[in-house]
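Asker: structure for this input, please:
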Amino acid sequence: MAYDVQKTDEEWREQLSKVQGVPSQPYAPTREYKAGDVIEHPTFGCGIVKSIKDGNKFEVLFQRDVKTLIHKLKEA
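Answerer: Residues are numbered from 1 along each chain as shown. Sure, this is the predicted structure:
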């Protein structure tokens, strides 16, 4: 799915302003996230969890794009 970078950036800034003061969590596929969590991804930067998808996937709004990431993986 293609996203309009300018609209994504505007939405990211708006959502980020709503969670000011909320500490970000480093992204790890073994952690569990919920909508509204602020995460710090090593490649994509700061993001806000938009929604939880089926199983172990969740959607994150980053400054330039929306990505689907994985979570709740069992540690080996």
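
Asker: read off the pLDDT value for the residue most central in space within the chain.
Answerer: A centroid search over the chain (CA atoms, centre = their mean) returns residue 60, at 2.8 Å, as the residue closest to the centre. The model reports residue 60 with a pLDDT of 97.

Asker: residue 5 too?
Answerer: Predicted confidence (pLDDT) for residue 5: 80.

Asker: does it touch residue 64 like I think?
Answerer: Yes - with contact defined as CB atoms under 8 Å, residue 5 reaches residue 64; the gap is 5.7 Å. All C-beta spots, glycine's among them, are computed from the backbone N, C-alpha and C.

Asker: of the two, who's got more company?
Answerer: Neighbours around residue 5 and residue 64, counted as other CB atoms under 10 Å, are more numerous at residue 64. The numbers are 14 against 11.

Asker: and what about residue 13, helix, strand or coil?
Answerer: With DSSP: H, G, I helix; E, B strand; the rest coil as the basis, residue 13 sits in helix.

Asker: quick one: it from residue 62, how far?
Answerer: In this structure, residue 13 and residue 62 are 12 Å apart, going by CB to CB, to the nearest Å.

Asker: repeat that for residue 49.
Answerer: Taken as CB to CB, the span from residue 49 to residue 62 is 11 Å.

Asker: look up phi and psi at residue 57.
Answerer: As for residue 57, its main-chain torsions (degrees, to the nearest 10) stand at phi -120, psi 150.

Asker: burial measure for it, as a count.
Answerer: Applying other CB under 10 Å, we find 13 residues neighbouring residue 57.
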